[in-house]
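1. After the sequence you'll find the predicted model.
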Amino acid sequence: MANLTEISWKEFSSLSLEGKRPYLMQSAEDPMPYHTLFAQQFDRALLDRLCALSNRIRFINKSKEGALYLKNVLAHKRAMLYFSQPSSRTFLSHLAACQILGITTGSVRDAATASEFKGESREDSIRTFSSYFDMIIMRSPEQGLAEKMSWELSNSSRPIPILNAGSGKDQHPTQALLDIYTLVRSFEEKGGLDGRVVTFCGDLLRGRTVRSLSYLLTNFKDVKQIFVAPKELQVSDDVKSFLDAKGVKYELSDDLKAASSVSDAVYMTRIQDEWDTNKGESAKIDTSRFKFGAEELALLGKDAVIMHPLPRRDEIATCCDHDPRAMYWRQMRNGMWIRAALIAATFGHERTIMECGY
């Protein structure tokens with residue numbers, strides 16, 4: 001089995017994502033991630049396992065007895081939620097997932113309240129957290145930080161798993177997992193996710209949720225992806241190259257109405273202007289045709305779904321909120337269950353939960 005203790009950071013960082021994957025799994029026999037860093041760590045078999053485990057946790061938690069059982073599964077573990085980038089949904093979702101499993105948590109949500117304010121590096125802060133906790137769930141504006149610290153901690157005297165809850169403009173794997181779980185549940189009684197058309201709309205260039213979900217969708221058979229965006233915000237070349245290599249059908253478009261009429265799922269995103277190189281540059285882009293409202297809703301199929309990672313601005317009109325095809329609120333709740341499943345599996349309790357008597 002490949003191990004992060006057997007490779008230098010320089011060698012590891014130079015590998016492709018596929019090349020890095022073997023170094024991040026729990027064992028040669030089980031490809032379940034130890035460190036969860038990017039979407040390409042998950043194949044169809046792993047996605048099916050995590051969706052099944054999420055369903056099992058959801059079912060067990062319905063009764064008081066089951067909920068108390070789950071709270072004892074990882075009551076001996078502690079998790080640090082280190083969110084140096086603003087977040088509410090992602091933070092609370094991971095916090096709730098930990099609470100379901102009985103994990104004691106600590107958190108830092110503002111570098112101004114941590115030793116970083118005194119000049120401590122993020123790397124030193126994370127090494128400090130590893131002294132007190134058994135897992136670090138981290139969200140950072142710094143691209144690659146989760147990956148670097150996974151190597152650092154694996155080569156330390158106290159190796160613990162890192163769960164990437166958003167890394168720069170790069171990836172957001174647990175968001176992609178909850179998106180897949182939402183899609184799987186939405187179509188489980190309607191023929192499944194295979195063969196569907198999924199449209200992404202909005203800021204596709206800088207949206208890490210789009211990149212991660214696009215990668216995960218390649219694990220499903222004959223899923224076509226449509227990317228609808230202004231040319232300035234169209235999906236990046238690395239995503240297109242990945243889809244080309246996988247032989248996945250995709251289309252670039254600037255017509256949301258046309259895409260809505262043929263889509264099984266429309267995944268809307270906000271403009272990511274926090275990444276503007278020059279303040280106000282995103283506001284100069286005409287995004288008026290990239291908003292989902294009553295006209296697009298009328299064109300959408302009766303079994304289709306509307307999704308959004310949130311927060312939203314005006315890219316989905318509020319008139320859509322009570323339509324049964326609007327899945328973005330359900331997405332949020334699904335995030336709690338799939339993250340609980342991932343955390344439980346990371347600590348080796350997948351079988352324990354799947355085979356319990358509740």
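-> Looks like it came in fine. Residues are numbered from 1 along each chain as shown.

2. could you give me the average pLDDT of the helix or strand harbouring residue 67?
-> Assessed by DSSP states H and E, residue 67 sits inside helix 64-73. Mean pLDDT, helix 64-73: 97.

3. Pairing partners for whatever helix or strand comes next after it, with directions?
-> Sequence-wise, the next helix or strand downstream of helix 64-73 (DSSP H and E) is strand 78-83. Sheet pairing of strand 78-83 (DSSP bridges) gives strand 104-108 (parallel), strand 135-140 (parallel).

4. Could you check how far strand 78-83 is from the centre of its chain?
-> Taking CA atoms, centre = their mean, to the nearest Å, the mean C-alpha location of strand 78-83 is offset from the chain mean by 17 Å.

5. got any ranges where the stretch 101-250 of the chain has weak pLDDT?
-> 110-119, 169 (pLDDT under 70).

6. ok, back up a step: any idea which of the strands paired with strand 78-83 gets closest to residue 337?
-> strand 135-140 (15.9 Å; CB to CB). Using the backbone N, CA and C atoms, a C-beta is placed for each residue, glycine as well.

7. ok, and the closest non-adjacent residue to residue 346?
-> Nearest residue to residue 346, sequence neighbours excluded (CB to CB, 6 or more residues apart in numbering): residue 161, at 5.4 Å.

8. Can you give me the distance of that neighbour to residue 138?
-> 11 Å (CB to CB, to the nearest Å).

9. Between the two, point out the one with more neighbours.
-> In this view residue 161 and residue 138 are compared by other CB atoms under 10 Å, and residue 138 has more residues nearby, 28 against 21.

10. which residues touch that one?
-> 81, 82, 83, 84, 126, 145, 146, 149, 162, 163, 164, 165 (CB atoms under 8 Å, 6 or more residues apart in numbering).

11. can we see that at 7 Å?
-> Shown in contact with residue 138 (CB atoms under 7 Å, 6 or more residues apart in numbering): 82, 146, 162, 164, 165.

12. And residue 235, by the same measure?
-> Applying CB under 7 Å, 6+ apart, the residues near residue 235 are 204, 205, 210, 227, 229.

13. a strand runs through it, doesn't it?
-> No: counting by DSSP: H, G, I helix; E, B strand; the rest coil, residue 235 is not found in a strand; it is coil.

14. Can you tell me how far it is from residue 285?
-> Taken as CB to CB, the span from residue 235 to residue 285 is 15 Å.

15. And residue 162, by the same measure?
-> For residue 162, the distance to residue 285 (CB to CB) stands at 35 Å.

16. With neighbour numbers in mind, choose between these two.
-> Set residue 162 next to residue 285 and count neighbours by other CB under 10 Å: residue 162 wins out with 31 against 16.

17. Let me know whether the more buried one touches residue 38 as I believe.
-> No: in terms of CB atoms under 7 Å, residue 162 does not count as a neighbour of residue 38; the distance is 11.9 Å.

18. Good, wrapping up.
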